[in-house]
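Engineer: Next one to model:
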Amino acid sequence: MVLSLETWLDSIDLQAGLRPHVHEVMRRLPEPVLIDLLNDPAFIVCDYDATPGLMATIPVNIGVKNPARSIALKRSLARRQEDFVRWVIAHELAHAHLRNQGRWEGDDPEHAADALAADWGFPRPLRGWFGI
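Structural biologist: Next comes the predicted model:
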């Protein structure tokens, strides 16, 4: 069964400030990438409050082949510059798509995620990275 992006988004609980950013980034993914993610029961996107001392629950689907496809976004991310927020989301989606690997043997997973996010139209912005 192929899920639509809207159906999938309706099935997850995301903070209102992050949801439109996740929707926009995922809407712009190549169709094969989107279909792969949406139809993988191991793929989860959630948000959490990073307040010190507060316990965060990060869901994973137990019993799936690769639960490492989960993405947890800090709720405070929504307060950053739009291009930074969307780059972070695209970067994390790239990790999920690549299953936390590089694109080829020896490829650094962080560089691979940055390159893939840029290929999808979300290059790493200069501002926002260090809080500027």
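
Engineer: Now do the same for the longest helix along the chain: mean pLDDT, whole number.
Structural biologist: Using DSSP state H to define each element, the chain has its longest helix at helix 82-97. Mean pLDDT, helix 82-97: 96.

Engineer: Contacts for that helix next, please.
Structural biologist: 18, 21-22, 24-26, 29, 33, 36-37, 43, 69-71, 73, 77-78, 80, 109, 112-114, 116-117, 120-125, 127-129 (CB atoms under 8 Å, 6 or more residues apart in numbering). Just so you know, the C-beta spots here come from the backbone N, C-alpha and C atoms, and that holds for glycine as well.

Engineer: Quick one: neighbours of H21, just the number.
Structural biologist: H21: 20 surrounding residues under other CB atoms under 10 Å.

Engineer: how far is the helix or strand encompassing it from where the chain is centred?
Structural biologist: Per DSSP states H and E, H21 falls inside helix 19-27. In terms of CA atoms, centre = their mean, to the nearest Å, the gap separating the centre of helix 19-27 from the centre of its chain is 9 Å.

Engineer: list the buried ones in whichever helix or strand comes after it?
Structural biologist: Once the chain leaves helix 19-27, the next helix or strand it forms, by DSSP H and E, is helix 31-38. Buried residues in helix 31-38, counted by 16 or more other CB atoms under 10 Å: V33, L34, L37, L38.

Engineer: got a list of what the first one touches?
Structural biologist: The one in question is V33. L93, H97.

Engineer: one more time with 7 Å, if that's ok
Structural biologist: H97 (CB atoms under 7 Å, 6 or more residues apart in numbering).

Engineer: quick one: the residue lying farthest from the centre of the chain and W120, what's the gap?
Structural biologist: Distance from the C-alpha centroid of the chain peaks at G53, with 24.6 Å (CA atoms, centre = their mean). From G53 over to W120 the distance is 36 Å, taken as CB to CB, to the nearest Å.

Engineer: ok, back up a step: quick check: ChimeraX command selecting the buried ones in the contacts of helix 82-97.
Structural biologist: Selection command for ChimeraX covering only the buried members of the contacts of helix 82-97, criterion 16+ other CB under 10 Å:
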select :18,21,22,25,26,29,33,37,43,69,70,71,73,77,78,80,112,113,114,116,117,120,122,124,125,128
